[in-house]
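In: build me a model from this:
(chains A and B)
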Protein chains: 2
Amino acid sequence: MSVLRKDPLSYGWVIYPEKPFVPPQPRQAKEAPDGDEPCPFCPGHEFMTPQEISAYRPPNNSTLAAWTVRTVPNLKAVLHIEGKANRRGEGLYDMMNGIGAHEVIIETPEHDARFFDYNQQKIEEVATMWRERAADLSKDSRFRYIQIFRNYGESAGGHLTHPHSQIIALPVVPRVVREEIVHAHEYWMNKERCILCDMLSQDKKSQRVMYENDYFVVFQPYASRSPFETWIAPREHASSFATDSVDLESFAHALRVTLKAIARALGNPAYNLIVHSAPTEVERLFKTPRVKISDLYHWHLEIVPRIKRIAGFEYGTGIFVNPVRPEDAAKYLREILETQNADESVL
Amino acid sequence: MSVLRKDPLSYGWVIYPEKPFVPPQPRQAKEAPDGDEPCPFCPGHEFMTPQEISAYRPPNNSTLAAWTVRTVPNLKAVLHIEGKANRRGEGLYDMMNGIGAHEVIIETPEHDARFFDYNQQKIEEVATMWRERAADLSKDSRFRYIQIFRNYGESAGGHLTHPHSQIIALPVVPRVVREEIVHAHEYWMNKERCILCDMLSQDKKSQRVMYENDYFVVFQPYASRSPFETWIAPREHASSFATDSVDLESFAHALRVTLKAIARALGNPAYNLIVHSAPTEVERLFKTPRVKISDLYHWHLEIVPRIKRIAGFEYGTGIFVNPVRPEDAAKYLREILETQNADESVL
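Out: Below you'll find the model as predicted:
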């Protein structure tokens, strides 16, 4: 019989049809084809991007093209840094100016590199840049939420081949995060405990853990919305990816192991990577002044392979139909990991 | 400057980048290719579907293949009618059995027909079947919500060419509808008025109305999530599409005019059509017993052309980036309508 499961963070239900697990067919991501234009993200083409915001260069080489990671404003930014929010009404509706930031993190000078092939050092470097940019943007009191994300492959919304991730600073707390907070708050008022801490403590004894190390747990959530959806969360409670301390070596290792296993399991699929972290200012959402967002929100990273379309039913209801149960995905990924470990000396 | 607008039903923000309106390039929907298999929805192939649930046949012809609209269980149903919900916990998580219904409404015997080409009578017939099936399913006290929807084109999740829509009966109120209700309830507690009634009364004076007749308003909502998103709502407050009275002629005409205009404007695009109607049982969500769902929820039909991918940012935040403001979409569609009226004698 098919079952429904509820995600306690979003309150979204997921339908798991009754189906035996079938190892997935590889679904190679379709990358956007490179046009005739030179790549604006390649070294030597620095003049093609807007003014650099931050970059890492080797200590002994400060030439423009010597960067290893480079952050620039998105040329097609949907939000802009200048101006005031100017919150206002139009009759019963709410609106405001599109202030914020939209940055691109060019992760490597190598045009054809792939995230899942990055070595430990490269992932640490990228994660350091994510944290640095998010921490910097969160200092701006006009911004309420900093979203770090990565779209890989055309069906996940990736438009350029050259490996990059993005950061958007928003003047509002987005709906999805707001709901997670409302539900985490409800739980906290009841138990005075973080809901994700409780989920992790139960999940660690479940069949849904794919990998863990000293500081991080990688797992397939109880009500995963899409096949092979995977979350990475710190074991110890921490609300902000950008400003709480993090063991970067451990984090990078967890991320690397996960992406490699998913790429191997699904044949380098299109995916979205999304970091959910505490908003920078949200306390005014709570009726009780003693509640702190840092107590009840637990940051985590979500990887969502895009191997299934979002159709009318999902869009209209927020209920997802997922043919692969998270236990099956976790088991399959653990098997892949074992082969991987046997294949590689380093890991 | 780009602006953010908030949808008062979902509390979702939408970003409208600063861009002049450019008439859209036609984006012909890619239909799923017909394989070598005979079509299970074509007349004469009735044996290929599960047992018929309902069908309309001319009064003088009751032969099996003489149907004009036909409803059958979905062969790949994600929920099944037999059994009990058996709501249960797994530690802190919630689950239940996948009871429900998943039906396909085969709208016409004509394999190659297209919804936007249906005549008035055909749309009335399809709408009558939608209402009949939804009303029938809502009698089952195990079901909390009846979702009517239509996926057209591969990028909207449409898998079979033969024109059809679907109905899913759910044992839970879906997340998206639940949130609309929570927000409509908040508004009602404040004003003792339906929020969508107030939206319509403001919208009727706006530039976002594309078409209206005696009983229905067709408009582009204030915070439309995707280019040319269009809603159809009854002028007078009514909470249930299935069980409240409706002027079918007026409704079918509004739907026909809308789909024809969108098809002409965008070149027959992929789209999702979703009916949002009051859940069958929801009063237990309210803390105040005197509140009735029928007072505060207003049914409406949403048409969402799928001409833009849902990428990591939208998925992770629920904030959509929409390059076409609803005023511009409405204006463009009104112009199309005028040409259409000039071209056709009937309309």
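In: what pLDDT does whichever residue of the stretch 51-200 of chain A sits closest to chain B get?
Out: Relative to chain B, the nearest point of the stretch 51-200 of chain A is residue A:157 (2.4 Å; Cβ to the nearest Cβ). In short, each C-beta sits where N, CA and C put it, glycine included. Turning to residue A:157, the model gives it a pLDDT of 77.
In: show me what contacts it?
Out: By Cβ atoms under 8 Å, 6 or more residues apart in numbering or on different chains, residue A:157 lies in contact with A:151, A:272, B:309-313.
In: of the residues you listed, which belong to helices?
Out: With helices taken from DSSP state H, the overlap with these comprises B:312-313.
In: of the contacts of residue A:157 - the most surrounded one?
Out: Greatest neighbour count in those, by other Cβ atoms under 10 Å in any protein chain shown, goes to residue A:272: 27 neighbours.
In: wouldn't that one be in contact with residue A:147 here?
Out: No: the criterion here is Cβ atoms under 8 Å, and residue A:272 misses it with residue A:147 at 11.4 Å.
In: which neighbours do these two have in common?
Out: Applying Cβ under 8 Å, 6+ apart, one finds that residue A:272 and residue A:147 are jointly contacted by residue B:316.
In: so what strands line up beside the helix or strand residue A:301 falls within?
Out: Per DSSP states H and E, residue A:301 falls inside strand A:300-305. According to DSSP bridges, strand A:300-305 has the following sheet partners: strand A:230-234 (antiparallel), strand A:271-276 (antiparallel).
In: may I ask which helix or strand of chain A has the lowest mean pLDDT?
Out: helix A:312-317 (a mean of 85; mean pLDDT, DSSP states H and E).
In: which other helices and strands does that helix contact?
Out: With contacts defined as 3 or more Cβ pairs under 8 Å, 6 or more residues apart in numbering or on different chains; DSSP states H and E, the packing partners of helix A:312-317 are strand A:320-321, strand B:145-152, strand B:164-170, helix B:175-191, strand B:271-276, strand B:300-305.
In: check the offset of it from the chain's centre.
Out: With Cα atoms, centre = their mean, to the nearest Å as the basis, helix A:312-317 stands 23 Å off its chain's centre.
In: now what about it, what contacts it?
Out: With contacts defined as Cβ under 8 Å, 6+ apart, helix A:312-317 is touched by A:319-321, B:145, B:147, B:149-151, B:156-157, B:166, B:168, B:170, B:174-177, B:272-274, B:276, B:302, B:304.
In: quick one: mean pLDDT for stretch A:211-225?
Out: 96.
In: buried residues, that stretch. List them.
Out: Neighbour-count burial for stretch A:211-225 flags A:211, A:215-225 (criterion: 16 or more other Cβ atoms under 10 Å in any protein chain shown).
In: okay, and the beta partners of the nearest residue to residue A:165 once chain neighbours are set aside?
Out: Take residue A:165 and drop its neighbours on the chain: the residue closest to it by Cβ to Cβ, 6 or more residues apart in numbering or on different chains is residue A:150, 4.0 Å away. Note on residue A:150: beta-bridge partners by DSSP bridges are residue A:273.
In: neighbours of residue A:314, just the number please.
Out: Neighbours of residue A:314 under the rule other Cβ under 10 Å: 22.
In: and the angle from the strand holding residue A:301 to strand A:145-152?
Out: Counting by axes from the mean of the first three to the mean of the last three Cα atoms, to 10 degrees, strand A:300-305 lies at 30 degrees to strand A:145-152.
In: tell me the angle of strand A:300-305 relative to helix A:175-191?
Out: 130 degrees.
In: let me see the mean pLDDT of strand A:300-305.
Out: Mean predicted confidence for strand A:300-305 is 95.
In: burial measure for residue A:22, as a count.
Out: Close neighbours of residue A:22, defined as other Cβ under 10 Å, add up to 9.
In: quick check: phi and psi on it?
Out: Torsion angles at residue A:22 (phi, psi; degrees, to the nearest 10) stand at phi -120, psi 130.
In: strands paired with the helix or strand harbouring residue A:14, and their directions?
Out: Using DSSP H and E, the element containing residue A:14 is strand A:13-16. Applying DSSP bridges to the sheet, strand A:13-16 is found paired with strand A:3-6 (antiparallel), strand A:320-321 (parallel).
In: now these in TSV, with mean pLDDT?
Out: Output for those, formatted as TSV (pLDDT from 0 to 100):
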stretch	mean pLDDT
strand A:3-6	93
strand A:320-321	92
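In: select, out of these, the one closest to residue A:122.
Out: Residue A:122 sits nearest to strand A:320-321 of all these, at 32.7 Å, using Cβ to Cβ.
In: show me what whichever helix or strand comes after that closest one is packed up against.
Out: Remark: after strand A:320-321, the chain's next helix or strand is helix A:326-343, criterion DSSP H and E. On a contact count with 3+ Cβ pairs under 8 Å, 6+ apart, helix A:326-343 meets strand A:209-212, helix A:248-266.
In: out of those, which is the most enclosed?
Out: Across these, the average number of neighbours (mean count of other Cβ atoms under 10 Å in any protein chain shown) peaks for helix A:248-266, which reaches a mean of 21.
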